[in-house]
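fold the stuff below for me.
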Amino acid sequence: MSLADEKLETTDASSGLSSHSRDDLEKRLVRKLDQRMSIIVLLYTMNNIDKGNITSARLAGFEEDLHLQGSQYATLLSIIYVGFIIMQVPANMFLHWLERPAILIPWSMVIWGIISTLTGLTQNYTQVLLARLLLGFAEAPFFPNIIFLISGWYKRDELAVRATLVSFGSVLSTAFGSLFASGVLTGMQGVLGQAGWRRDTWLFYLEGGITIIVAICAMFILPSFPHNTKWLTPEERSLAISRLADDGYGTMDGPGKRTSIQGLRDALCDWKVWWFTILLTIERIALSFGFYFPTLVASMGYDMTVTLLLVVPPSVLATIGALVFSRYSDRTQKRAMFIIASNALTAVGFIISFCTMNTAARYTSLFLMTQNAGGQMVLWAWIKNTFVREPAKRAVAIAVISGLSSVGSIAGPFLWPLNWGPTYRYSYAICIVTLGVATAMIGVMHLHLKWVNAQIERNEQDVTDINELPDPVGFRYLV
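Coordinates of the predicted model:
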C-alpha cells in the first residue's frame, strides 16, 4: 500500500470522536510529541557547543598554541557560516523531498561530531581553518531542518513556547559549555600525554565524541512528519494532520503538494522572505557579542576558571526570560511586541557597557544583553507563522532566511578586535545602531501584517463563495 493510500484510510479516523474525546486525544498527542521533541534540547546544546568551543579554548591559549595573528581568530569564528550560506537552502529542499528529518538530522550530527573531534588534531591556522569550514557545511542542515520539523507538527499558537523549549540548548550551551570547558581545561592537563599548551585539544575530543553518541540516540527518538511517523496510531496520525489543516497549514503530502523547486520559486518571489533575511542579518551583527561572551567577562579582570563560571548566571537568566517571553507571546498570540521588548533590554545592556568600566555595572549589563534569546525565539516563531500556508515554500523560506542572514554572523566577529578592548566602546556603538535598525524593520513588518489581516477580514465579509478565498476562513497572520 502506498503512503498516499495509507493516509487516505486514516484521514477520517478521528472524525467520529466527540469534541471531548478529540480534546483528550489531542492533549495526549501533544504530550507524546513534546516528550519526543525534548531531545532537541540536547541536540541544540551540542550544536552550539561544537560551533563555539573555540571561544572557550581561546582562554586556554588556543591563539598562542596555533600562532594566530591579527584577524585570524575572527576568521575562524566566521568561516563556519560560509557553509551555512551555501548549504541551508539545498538541505531544506532535500528534507522537503525526503520527508525524513529523523534520518537527516542525526546523520548530519554524526558528521559534524567527527569533524569537531578531529579539530583537536590541528597544528596550525590552515588546518583549523579547513576544519571550521567543513564544520560549517556539516552543521548547515541542522537549524533549518529543526525549524521546519517543529513547524510541521505544532499549531501557530503553540510554536513560540515549543521553539523556546526545543531551542533551549542554544541558551543552555553557553552555561553548560562554559562549565564543561572549565572542568576540561583545568582537569585534563597532561592526560595521555597532552601537555598544558595543548590541553584545549581535550575539549574538542570530548565534545565531539559526546555529539556522536547523542546523534545515534536521536535516530531512535526524533519524529519525521505526521503522515510518515511510524509510532503514531491511525487516530493520532489523522488528528495530527487535521489539526494543522484547521489551523491554516498546507499539506505535506497528497494532491496539490508543491515540489521543492516550486517552493524555491515561491519563496524567492515573496518580498517578506527578503525583508526577514535583511532584518535577521542586521540583528545578527548586533548580537555578535555572543561570539566573545567569555572574552567580555574576562575583560573584568578574572582568571580563566572564574571567567567561565561567571558566564553561567547570565545564561540561566536568559533561559528564564526566553520561557517568559515565548509563553506570553503564544498566550496573547502577539509576536512583534515581545521581540521589540527583548531588543530594548539588550540595548540597555549595550548602553551600560558603552558608558562604564565599573565591574558590577558591566556584569549587570551582560544579564541584560542575553535577554535577546527570548526575542530571537519569538522571532523564529513569527517567521514560521508568516509562511505557514505552503510547506514547500516554508521549507525554502526558513532556509533562505537562516542561511543568507549568516552574512551577519560572518561580519559580526570582526567587530570585536583586541585593540578595541577592554572597553569595546566602538563595538557596542555599532551593536546599538544595528539593533535599532533591526527593531525598526520589525515594526514595519508588524504594520504590514496588520494591514494584510484587515484585507483578509474585508474579503471574508464581501465574498459570496468561500471557495473563492485564497486563505481558510478565519485565518489571520500573527502580529
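
now find how far off-centre stretch 134-141 is within its chain.
14 Å (Cα atoms, centre = their mean, to the nearest Å).

next: stretch 23-38.
22 Å.

what residues of that stretch count as buried?
For stretch 23-38, burial by neighbour count (16 or more other Cβ atoms under 10 Å) applies to 25-26, 29-30, 33-34, 37. To be clear about C-beta, it is placed using only N, CA and C from the backbone, and glycine gets the same treatment.

how about it as PDB, C-alpha atoms only?
These are the backbone C-alpha positions of stretch 23-38, laid out as PDB (Å, rounded to 0.1, in the frame of the first residue of the first chain):
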ATOM      1  CA  ASP A  23      -9.500  17.200  23.000                       C
ATOM      2  CA  ASP A  24      -8.300  14.400  25.200                       C
ATOM      3  CA  LEU A  25      -6.600  12.700  22.200                       C
ATOM      4  CA  GLU A  26      -5.000  15.900  21.200                       C
ATOM      5  CA  LYS A  27      -3.600  16.500  24.600                       C
ATOM      6  CA  ARG A  28      -2.100  13.000  24.600                       C
ATOM      7  CA  LEU A  29      -0.700  13.500  21.100                       C
ATOM      8  CA  VAL A  30       0.900  16.800  22.000                       C
ATOM      9  CA  ARG A  31       2.300  15.400  25.200                       C
ATOM     10  CA  LYS A  32       3.800  12.400  23.400                       C
ATOM     11  CA  LEU A  33       5.200  14.700  20.800                       C
ATOM     12  CA  ASP A  34       6.700  17.000  23.400                       C
ATOM     13  CA  GLN A  35       8.400  14.000  25.000                       C
ATOM     14  CA  ARG A  36      10.000  13.000  21.700                       C
ATOM     15  CA  MET A  37      10.900  16.600  20.700                       C
ATOM     16  CA  SER A  38      12.600  17.200  24.100                       C
END
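
what does it rub up against?
14, 17, 150, 153-154, 158, 162, 165-166, 221-223, 232, 235-236, 239-240, 243 (Cβ atoms under 8 Å, 6 or more residues apart in numbering).

in helices, which of the residues you listed fall?
150, 162, 165-166, 235-236, 239-240, 243 (DSSP state H).

so which of those comes closest to residue 207?
residue 166 (20.4 Å; Cβ to Cβ).

remind me which residues of the chain are low pLDDT?
1-18, 20, 56, 59-60, 166-200, 248-257, 464-465, 467-471, 473 (pLDDT under 70).

now do the strands in it.
Here the chain has no strands by DSSP state E.

spatially central residue for it, please.
With distances taken as Cα atoms, centre = their mean, residue 143 lies nearest the centre of the chain, 5.4 Å away.

just give me the neighbour total for the closest residue to that one other than its chain neighbours.
Leaving aside its sequence neighbours, residue 143 sits nearest to residue 402 (Cβ to Cβ, 6 or more residues apart in numbering; 5.6 Å). Residue 402 has 25 neighbouring residues, counting by other Cβ atoms under 10 Å.

again with residue 98
Residues near residue 98, counting by other Cβ under 10 Å: 12.

surely it meets residue 92?
No - counting by Cβ atoms under 8 Å, residue 98 does not reach residue 92; the two are 10.5 Å apart.

tell me which of the buried residues of stretch 23-38 fall in helices.
Going by DSSP H, the helices hold 25-26, 29-30, 33-34, 37 from those.

kindly indicate which of these lies nearest residue 331.
residue 30 (15.8 Å).

for that closest one, give its distance to residue 102.
18 Å (Cβ to Cβ, to the nearest Å).

tell me where the stretch 151-300 of the chain has helices.
With DSSP state H, counting those that start in this stretch as the criterion, the stretch 151-300 of the chain has helices at 159-166, 168-187, 200-218, 234-246, 260-268, 271-286, 293-298.

how many residues are close by the nearest residue to residue 118 once chain neighbours are set aside?
Nearest residue to residue 118 in three dimensions, chain neighbours excluded: residue 131, at 6.4 Å (Cβ to Cβ, 6+ apart). For residue 131, the tally of surrounding residues (other Cβ under 10 Å) stands at 22.

which ones are touching residue 131?
So residue 131 contacts 115, 118-119, 122 (Cβ under 8 Å, 6+ apart).

same question for residue 286.
Residue 286 neighbours (Cβ under 8 Å, 6+ apart): 346, 430-432, 434-435, 438.

most widely separated two among those residues?
The farthest-apart pair in the contacts of residue 286, when distances are taken by Cβ to Cβ, is 346 and 430, at 13.6 Å.

and the two? which has more neighbours close in?
In this view residue 346 and residue 430 are compared by other Cβ under 10 Å, and residue 346 has more residues nearby, 28 against 18.
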